[in-house]
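Asker: with the input below, show me the fold.
(chains A and B)
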Amino acid sequence: MALSRSVLRDLIGRQLAQQVRFAASAPATQPKKPEALSQETHARKHEGSVKKVEHEAMKVADPETPKVTSMFDEWGTVYVSPYTKNWKPMPKDFKEHPDRDLANFPHPEMKLRPDKVRLGFIPDKWFLAFYEKTGVTGPYLFGIGLWSFLISKEIVVLEEEMSHMPPLLFINYMVLRLFGHKVEGYYDEVIQNDQIGPLSAVRDQELTGVKQFRSYVDTANKAYDTLLEVLPEVRRENVALELEAVYRERVNQVYKETKRRVEYLVESESVKRRFEQQHMVNWIVDQVTKSFGPEQEKKIMSKCIGDLKTLAKSA
Amino acid sequence: MASKRLAVSKANWKKLSEAMMPEDVYAQEALTRLKTRSRAYTARIQANPTDLPKIDFAGMKKRAPEQAAIFDALQKQYESIKIPYPTAEATYKAIDAATAELKSNIEAEKKNLTGELKLNSAAEEKYAKMPPIEHMTDEEKMHYFPGAFMDPYKEGEIFLFNDQEDPRDPDVIKRHSDYKWARAYDEHGHEPHEGGGH
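Answerer: Presented below is the predicted three-dimensional model:
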């Protein structure tokens, strides 16, 4: 291998470079087919190893001057979606209808990450297809040989407009590495906010509505049961209380009327007796005073005055 | 009736008031009416004596011996009087009839509610069987969320003349099918209005 290890690593990935190194020293055995790495695991592997080294020129003494940034700071970053980690995988045996043929028509599953590509547009699968027969450099040599054949035989004529192709490919690659992650992020948000988000919201709303309605139905049923149980009882009680009240009022009326009559009789009797007594007393007193003569009256008067004087002396 | 005399309400008022929602004005008004009636009757009951109280005729006779004959007659009448306890058979029968009607109404309402619950819980069942939204195709989204995703190539293009009309309603479709509302004037030259013009 004339190529240096670092260049090899950049071209074919670290795993393959290790295998190549050991394959040269080990006995000739079947080369192990490498796994196709998805870009997410590729990104995760490099997450910790990427170090952002500040150049000496960037370190400024005055902290108030603005820090110089360029678009190349985010060269080749891989966008990691915050939504896909919540995605649940499609169940393998899901059938909308029992007649669904899952063997010939399996459910399409949306991939979380695209397949790995080399140089921005060549799928990694094609390189793996070559690997068993021709090794690591097979596809590149194939491409170089194919194009040299086509150009030398003038099957593909190098015209003026074809000079646009290499710069365009290079610019494509640059744009992909510089801004690919931003575009991915933007469309991730679009899908989440315009499709998955609203539909999930509709589903959640309907489910909460069903729950609420179910609880409402439970409370309503309980309320109906208590109503049937208590309301007739209350109505009957009200009727019974009214009857009792009326009866008691009648009783009270009888009692009061009887009492009134009895008291009237008693009162009238007492009044009559009192009047009789008074009349008799007055009549007796009148008769007695009439029976006295004038001499009798003087004698009684002087005696009374003498009694009064003695009484006064003694008191 | 005389054997089952009631002086105080023994029903579970608290349970009844808790069953009624505070927002249900009609039920709350009815409840207060029942309560006030009950309280009024109880007040009347407590103001009057339970049974016929005794009058001391002997004492009265002593105080007014001349009226003894009248007192005797009164005593005889007082102690032999039978105050009739009022009856309300018709009211009780009416209450029973009302209870039966209430029961039938409540059963019908419960049936209604169970039917509605069945319809609503169909949504729950649908969502339980649904695949994850992120892995659904557009056709599946149209199937599970009919209003959100509408493909004119599959269902036909729909012109909504106002936001309140549901384009899947067959009456609306019929009305729009012959462009009745789209016309500014009908064959007589008047504006088309439902139920007559100006």
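Asker: and chain B, is stretch A:252-265 touching that?
Answerer: Yes - counting by C-beta under 8 Å from any C-beta of the partner chain, contacts between stretch A:252-265 and chain B involve A:Asn252, A:Val254, A:Tyr255, A:Thr258, A:Lys259, A:Arg261, A:Val262, A:Leu265. (C-beta placed from N, C-alpha, C; glycine too.)
Asker: so where's chain B shaky on pLDDT?
Answerer: B:1-3, B:155-161, B:178-186, B:191-198 (pLDDT under 70).
Asker: now do the strands in it.
Answerer: Secondary structure of chain B (DSSP state E): no strands located.
Asker: next, the contact list for the residue in the stretch 51-200 of chain A that chain B sits nearest to, please.
Answerer: Per C-beta to the nearest C-beta, A:Met90 is where the stretch 51-200 of chain A lies closest to chain B, at 4.5 Å. Neighbour list for A:Met90: A:His107, A:Glu109, B:Pro131, B:Pro132, B:His135 [criterion: C-beta atoms under 8 Å, 6 or more residues apart in numbering or on different chains].
Asker: surely it is in a helix?
Answerer: No - looking at A:Met90 with DSSP: H, G, I helix; E, B strand; the rest coil, it is coil, so not inside a helix.
Asker: for it, phi and psi?
Answerer: phi -70, psi 130 (degrees, to the nearest 10).
Asker: how close does it get to B:Arg63?
Answerer: Distance, A:Met90 to B:Arg63, by C-beta to C-beta, to the nearest Å: 108 Å.
Asker: do A:Pro89 as well
Answerer: As judged by C-beta to C-beta, A:Pro89 and B:Arg63 stand 108 Å apart.
Asker: likewise B:His176?
Answerer: Counting by C-beta to C-beta - B:His176 and B:Arg63 are separated by 102 Å.
Asker: so for the two, which sits in the more crowded spot?
Answerer: B:His176 (17 against 14; other C-beta atoms under 10 Å in any protein chain shown).
Asker: so which residue is dead centre in chain B?
Answerer: Nearest to the mean C-alpha position of chain B, by C-alpha atoms, centre = their mean, lies B:Ala27 at 6.9 Å.
Asker: doesn't B:Met20 make contact with that residue?
Answerer: Yes - at 4.2 Å, B:Ala27 and B:Met20 qualify as touching, with contact defined as C-beta atoms under 8 Å.
Asker: count of residues packed around B:Ala19?
Answerer: For B:Ala19, the tally of surrounding residues (other C-beta under 10 Å) stands at 21.
Asker: correct me, but it touches A:Leu228?
Answerer: No - B:Ala19 lies out of contact with A:Leu228 (C-beta under 8 Å); the separation is 10.3 Å.
Asker: and A:Pro198, what pLDDT?
Answerer: According to the prediction, A:Pro198 has pLDDT 92.
Asker: repeat for A:Lys313
Answerer: Reported pLDDT for A:Lys313: 89.
Asker: same question for A:Asp194.
Answerer: At A:Asp194, pLDDT is 90.
Asker: what does A:Val285 give?
Answerer: Each residue has a pLDDT score; the one for A:Val285 is 92.
Asker: ok, now A:Gly48?
Answerer: We have a pLDDT of 56 for A:Gly48.
Asker: then the one 3 residues further on?
Answerer: pLDDT recorded at A:Lys51 is 59.
Asker: remind me, longest helix of the chain?
Answerer: I went with chain A, as the question did not name one. Identified as the longest helix of chain A according to DSSP state H is helix A:197-291.
Asker: switch to chain B, that's the one I care about
Answerer: Ranked by number of residues, the top helix in chain B under DSSP H is helix B:89-129.
Asker: how far out from the middle of the chain is it?
Answerer: Its chain's average C-alpha position is 12 Å from that of helix B:89-129, according to C-alpha atoms, centre = their mean, to the nearest Å.
Asker: say whether chain A is contacted by it.
Answerer: Yes - applying C-beta under 8 Å from any C-beta, one finds helix B:89-129 touching chain A at B:91-92, B:95-96, B:98-99, B:102-103, B:106, B:109-110, B:113-114, B:116-117, B:120-121, B:123-124, B:127, B:129.
Asker: just the buried residues from these, in PyMOL please.
Answerer: Listed next is the PyMOL selection for buried residues among the residues of helix B:89-129 next to chain A, using 16 or more other C-beta atoms under 10 Å in any protein chain shown:
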select buried, chain B and resi 95+99+106+113+117+120
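Asker: show the contacting residues for A:Trp87.
Answerer: Counted by C-beta under 8 Å, 6+ apart, A:Trp87 has contacts A:Leu112, B:Pro132, B:Glu134, B:His135.
Asker: can you check A:Pro89 too?
Answerer: Under the criterion of C-beta under 8 Å, 6+ apart, the contact list for A:Pro89 reads A:Glu109, B:Pro132, B:His135.
Asker: quick one: list the elements packing against the longest helix of chain B.
Answerer: Counting by 3 or more C-beta pairs under 8 Å, 6 or more residues apart in numbering or on different chains; DSSP states H and E, the packing neighbours recorded for helix B:89-129 are helix A:197-291.
Asker: run the chain-centre distance for the helix it packs on.
Answerer: 54 Å.
Asker: try stretch B:165-181
Answerer: That offset, for stretch B:165-181, works out to 38 Å (C-alpha atoms, centre = their mean).
Asker: stretch A:295-304 now?
Answerer: 120 Å.
Asker: flag every buried residue along it.
Answerer: Using 16+ other C-beta under 10 Å as the test for burial, stretch A:295-304 gives no buried residues.
Asker: equivalent analysis for stretch A:134-149, please.
Answerer: By 16+ other C-beta under 10 Å, the buried positions in stretch A:134-149 come out as A:Val136, A:Thr137, A:Pro139.
Asker: who touches the closest residue to B:Met150 other than its chain neighbours in this structure?
Answerer: Nearest-residue entry for B:Met150: B:Met142, 7.0 Å, with adjacent residues in sequence omitted and distances by C-beta to C-beta, 6 or more residues apart in numbering or on different chains. By C-beta under 8 Å, 6+ apart, the residues touching B:Met142 are B:Phe149, B:Met150, B:Asp151, B:Lys154.
Asker: could you identify the buried members of these?
Answerer: Buried members of the contacts of B:Met142, scored by 16+ other C-beta under 10 Å, are B:Phe149.
Asker: could you save the contacts of B:Met142 as TSV and add columns showing distance to B:Asp163?
Answerer: Converted to TSV, the contacts of B:Met142 look like this (distance: C-beta to C-beta, whole Å):
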residue	distance to B:Asp163
B:Phe149	18
B:Met150	15
B:Asp151	20
B:Lys154	22
